[in-house]
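K.L.:
A structural model of the following input is requested.
(2 chains)
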Amino acid sequence: MSNHPTTPNQIRLSRRRFLQVLAGTAGALVVGIRMADAADAPLPLALLGDSFYDLGVYVRIDADGNVLIGARDPDTGTGVATSLPRIIADELDADWNRVSVVPLGLGVTDNNGQPRWTYGRQVGGSGGSIPAAWNDLRQVGATARWLLLQAAARRLGVPANKLRCEAGTVIAPDGRRFTYGNLAADASKIALPTTAPPLKDAANYQLIGKPAGDVDAREIVTGLTRYAIDEHYGDALVAVLVHCPWSDGTLAHIDDTDTLAVKGVVKVVRLRPEPGQPLGSTVIAPAVAVLAEDTWSALQGREKLKLEWKPGASGSESSYVLEQQAGALLAGKTDPTTRVRNDGDVDAAGRKAARRLDATYYQPWLAHATAEPMNCLVKLDKDRASLVVPTQAPQKAWAVVQRLTGLSPAQIDIRVPRVGGGYGRRLDHDYVAEAVMLARAVDKPVRLLWTRGQDFGHDYYRSGSVHQLSATLDRKRQLTGWNQRMASASALTRRNMPDNRLWTSELHADQLPAALVPNYRSDWYALDSVIPRGPMRGMPHLSNAFAVESFIDEIANSMKEDPLVTRLRMLGAPRELPLSAGGTLDTGRLANVLKLVTDRIEWKNWLHSVNGLGIACWHVDGAYVAHAIEVAMQGQKLVIQRVVCAADVGRVINPLGLEGQLAGATLDALSTALNLAITFKDGQIQQHNYKDYPLASMAQLPNAVEVIVVPADDRPPAGASFLAMPTAAPALANAVFRASAVRVRRLPLMKELLRML
Amino acid sequence: MAPVQAQAVPVTTDSSIVPEKVRDGIDLQINGEHYRHTGDPQMPLLWYLRDVLRLTGTKYGGERGENGADLVLLDGKAVSAITQPLAKLADRQIVTVEGLAGNDGSLHPMQQAFVDEDAIGCGYCTPGWLIAAVDLLRRKPHPGDDDIDQLPNLCRCGCQTRVRRAIKRVAAGKAGQP
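P.N.:
This next block holds a predicted model:
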């Protein structure tokens, strides 16, 4: 709770958030949002779709007119380093060509031994960045603009409301003009009004809604962008690891004689993380590290290690057996672990039904497969830890370092450069813990590098799942009942989550067709496994949309009906239905994206096309998406000929960035659905490289993704980073069914299709 | 062992002057600069670039360069840097992503087209795509979709359709145009 009074250089935005104005050095004006709270609650996992409302952005206007905007959230490729600063810049009427975006490191100060997060929560890649930022970022920009206008008004002796702003300049009615740089020093001395200055009328937006390329593009294409893996301290040792194949196993024997004989190798260190440390209850596999003066020496040394590992309890686990267990659970009469939703009376609806359909869908375990492998650079001094970390959640990384070092909050300095892919993997910080333990063991800075095999073999995976669906219809083909039972191993097990919330990573209470069917039941059955799990991009929508949207296609097919007609009848008249998680389902907006994709792909040919056409739709936190996909079977070869994606995300900040996100997520989802599965046997992951876990090649993917964005400027922006993932796989499977008459109920699709053809 | 940095000696920036050969060294030409490597001749080019020269644009992809993030041009042809021991590279022309732009900072048409098409996800694999695309256009100045399909690169962010557009833009001579 805040005890900070509002002062003339602050405006209170909410209980905890204040706009703050500072005079920077050399005549700069700085406006930012300051957090009042001392300690923050633990970070919610991105997979829960939480909106992170606390911001720590700032804008600095220098005397030379250059504008510096801090980007608070790590950019993992979602474009937030471009889109968020443009929101500020628009309200400010800044000249975008003079804006530089600076990634902020972790903002933390010491508040009686507790961390005070100076920038609020900092989380990237969760799809929540823009919705969380929308109001506060505009307020920061508007406040800076207001101050500059006041400064100009005083200097000119003209009321501020007679002045206007344009591209970094204040212009008087008589044509006199001052650049922002010229006004910055004066503006920083002006007291803020008691209430926040008004925001721009949306009709006057200059940047919001206009396409903008990635702010880092030039540095990226010239190879100059430095990711964490590219950073270095002069005397840092390179560390490479051999992990125990079992996360709960132990080292039985080690012979490092030959390793230590390799030129450049400095030391071999055993890592034995204790349970409960340093990631709380999250598992870290034991490992042996080779530390050397350079990467090549370290890798050669690792080749020469002679190790024997002993399995723990997970040594007998297999993904095959786990799936059998799931099947048995769902076939039996056991009560579910959690009844997630229960509307009306599904059993009664079943007794009265004219038609009933059942189907079971299977989804594999998945890995994150980030392009930049896990790595971390750390330098430990007596009273300071300096790290460069590829992370989506620097505050969680901070907590790991703090537990291991015992340093006070502000003694931990975490820098977060652009991140080479996150997808949820970098919400866990096992690699940070390893780097810190190693730096302590050798008393030198350490640059830890995971090689590709470790990335695949020691992930926090998405669990495989079995979805048993059952639907009933009346004589008028109206859906009367829906019963969904799902079994999976929760991503939240062993993460301090109460048992009655473990389902939240696996199912969404409001997922289609919830709210559309009077009798709707959704049950979750817990599996357990020692194989570690964690957040994954698109979770829990990815697995459920495949099952639900495939099943709706099967329902249409069973009635010999156009699946578009079936879907539109299910959605009914345009209306807003309340959702259990808050917000609404707008059936009109959902029907609209379906119509857009079907018009574009010429759906009227769906039955007669020699190719197969398939559709699917979904909604995620107030955003709506649909896919239409056209495929052709050329013998055993599947060719994805056309992909259309339509999305309604409310107001669009950066149409070019949004198109990239939607097309990119579509391709990611297709790649995942076509090829990808993690399996384990005797407790060991069986995929170790891209050959075993084959992300789709250029040839397997469509040549283009046609993206349609619904104009919806009257609504606040919704998150879009993974929005296009859930519907791609079911639209593909539905298209494959039309092209081949094979109904694929098990992913990955290619393997199952070839088995059934 | 001496610090690895000692192995990186830019002998000269003038390519007309050939440095005098010394015993046990490997003469390398990288982005038009001459270097002499006196360490382990089996060191893969990738680690030489990243650890010794600190040219970090070429990224680690996998033990066999499986995702294409570590591609460089070797005598104009795209090869995975981790598969190339320095012993094989004496006096051959190596170009990394840092060497694609002109000395005046002007972007290579392919770099410009990637910017034009915003053909970037997280950006980690982008240097590898650029090298593969430059190599493709050297072999096929007007590639068809089937030719573009042969690129070896992988990307989870899903930049493939935008990369395809960028390559076609360069082939059509439209890099840098609206």
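K.L.:
which one is residue 65 nearest to, not counting chain neighbours?
P.N.:
Just going to use chain A. Of all residues not flanking residue A:65 in the chain, residue A:181 sits nearest, at 3.2 Å (CB to CB, 6 or more residues apart in numbering or on different chains). Backbone N, C-alpha and C define where each C-beta goes, glycine included.
K.L.:
My question was about chain B, not that one.
P.N.:
Nearest non-adjacent residue to residue B:65, counting by CB to CB, 6+ apart: residue B:80, 2.8 Å away.
K.L.:
My read is that that neighbour contacts residue B:62, right?
P.N.:
No - Residue B:80 is beyond contact range of residue B:62, at 9.1 Å (criterion: CB atoms under 8 Å).
K.L.:
and whichever residue of chain A sits closest to chain B, what is it in contact with?
P.N.:
Nearest residue of chain A to chain B (CB to the nearest CB) works out as residue A:223 at 2.1 Å. Contact analysis of residue A:223 by CB atoms under 8 Å, 6 or more residues apart in numbering or on different chains lists B:55, B:56, B:57, B:58, B:96, B:97, B:98, B:100, B:127.
K.L.:
Check the burial of the fifth one by counting its neighbours.
P.N.:
What it means is residue B:96. When neighbours are counted by other CB atoms under 10 Å in any protein chain shown, residue B:96 registers 23.
K.L.:
where does chain B have low pLDDT?
P.N.:
B:1-23 (pLDDT under 70).
K.L.:
quick one: the helices in it?
P.N.:
B:45-47, B:109-116, B:126-139, B:145-148, B:160-171 (DSSP state H).
K.L.:
Any part of the longest one near chain A?
P.N.:
Yes - with CB under 8 Å from any CB of the partner chain as the criterion, chain A is reached by helix B:126-139 at B:126, B:127, B:130.
K.L.:
same check, this time on the fourth one
P.N.:
Yes - where contact is defined by CB under 8 Å from any CB, part of helix B:145-148 touches chain A, namely B:145, B:148.
K.L.:
helices or strands next to that helix in the packing?
P.N.:
helix B:160-171 (3 or more CB pairs under 8 Å, 6 or more residues apart in numbering or on different chains; DSSP states H and E).
K.L.:
could I have the helix it packs on exported to CSV, CA atoms only?
P.N.:
Taking C-alpha atoms only, helix B:160-171 is exported to CSV below (Å, rounded to 0.1, in the frame of the first residue of the first chain):
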residue,chain,number,x,y,z
GLN,B,160,9.5,-17.8,-43.7
THR,B,161,6.7,-16.1,-45.8
ARG,B,162,8.3,-12.7,-45.2
VAL,B,163,11.7,-14.0,-46.1
ARG,B,164,10.2,-15.4,-49.3
ARG,B,165,8.9,-12.0,-50.2
ALA,B,166,12.2,-10.4,-49.4
ILE,B,167,14.1,-12.7,-51.7
LYS,B,168,11.6,-12.1,-54.6
ARG,B,169,11.9,-8.3,-53.9
VAL,B,170,15.7,-8.5,-54.4
ALA,B,171,15.3,-10.7,-57.5
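K.L.:
chain center to it, what's the gap?
P.N.:
With CA atoms, centre = their mean, to the nearest Å as the basis, helix B:160-171 stands 18 Å off its chain's centre.
K.L.:
what do you get for stretch A:66-85?
P.N.:
Stretch A:66-85 sits 15 Å away from the centroid of its parent chain (CA atoms, centre = their mean).
K.L.:
Check the model's average confidence along it for me.
P.N.:
In this model, stretch A:66-85 has a mean pLDDT of 85.
K.L.:
do stretch A:106-121 as well
P.N.:
In this model, stretch A:106-121 has an average pLDDT of 83.
K.L.:
now the strands for chain B?
P.N.:
Ranges of strands in chain B, per DSSP state E, are B:10-12, B:26-30, B:33-37, B:71-74, B:77-80, B:93-95.
K.L.:
Any buried residues in the fifth one, and which?
P.N.:
Right, strand B:77-80. B:78, B:79, B:80 (16 or more other CB atoms under 10 Å in any protein chain shown).
K.L.:
Tell me if I'm right that residue A:206 and residue A:90 touch.
P.N.:
Yes - counting by CB under 8 Å, residue A:206 touches residue A:90, with 5.8 Å between them.
K.L.:
What residues does the residue nearest to residue A:65 make contact with?
P.N.:
A:61, A:62, A:63, A:64, A:65, A:66, A:168.
K.L.:
Specify the local secondary structure of it.
P.N.:
Here residue A:181 is helix, with the state taken from DSSP: H, G, I helix; E, B strand; the rest coil.
K.L.:
among the contacts of residue A:181, which ones are buried?
P.N.:
A:61, A:62, A:63, A:65, A:66, A:168.
K.L.:
Nearest to chain A: which residue in chain B?
P.N.:
Here chain B gets closest to chain A at one residue, residue B:57, 2.1 Å apart by CB to the nearest CB.
K.L.:
domains of chain A?
P.N.:
Under the assignment automatic domain parsing, the domains of chain A span A:10-214, A:228-313+A:374-449, A:319-366+A:462-756.
K.L.:
Same list (those) but as TSV, adding distance to residue B:30.
P.N.:
Compiled in TSV, the domains of chain A are given as follows (distance: least, CB to CB, whole Å):
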stretch	distance to residue B:30
domain A:10-214	27
domain A:228-313+A:374-449	17
domain A:319-366+A:462-756	27
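K.L.:
Check the offset of stretch B:42-57 from the chain's centre.
P.N.:
The answer for stretch B:42-57 is 12 Å, by CA atoms, centre = their mean.
K.L.:
what bridges to residue A:619?
P.N.:
residue A:624 (DSSP bridges).
K.L.:
hang on, residue A:429 packs against residue A:396?
P.N.:
Yes - the criterion here is CB under 8 Å, and residue A:429 meets it with residue A:396 at 5.9 Å.
K.L.:
The two - which one has more neighbours?
P.N.:
Neighbour count, other CB under 10 Å: between residue A:429 and residue A:396, residue A:429 has more, with 27 against 21.
K.L.:
From residue A:229, how far off is that one?
P.N.:
Distance check for residue A:429 against residue A:229: by CB to CB, to the nearest Å, it reads 15 Å.
K.L.:
Then residue A:582?
P.N.:
Counting by CB to CB, the gap from residue A:582 to residue A:229 is 40 Å.
K.L.:
Looking at these two now, which is surrounded by more residues?
P.N.:
residue A:229 (25 against 9).
K.L.:
Looks to me like the more buried one is in a helix.
P.N.:
Yes - according to three-state DSSP, residue A:229 belongs to a helix.
K.L.:
what does the stretch 251-400 of chain A have sitting close to chain B?
P.N.:
In this structure, the stretch 251-400 of chain A approaches chain B at residues A:263-264, A:293-297, A:299, A:369-373, judged by CB under 8 Å from any CB.
K.L.:
Out of those, which comes closest to residue A:442?
P.N.:
Distance to residue A:442 across those (CB to CB) is lowest for residue A:293, with 11.6 Å.
K.L.:
With that, I have no additional questions.
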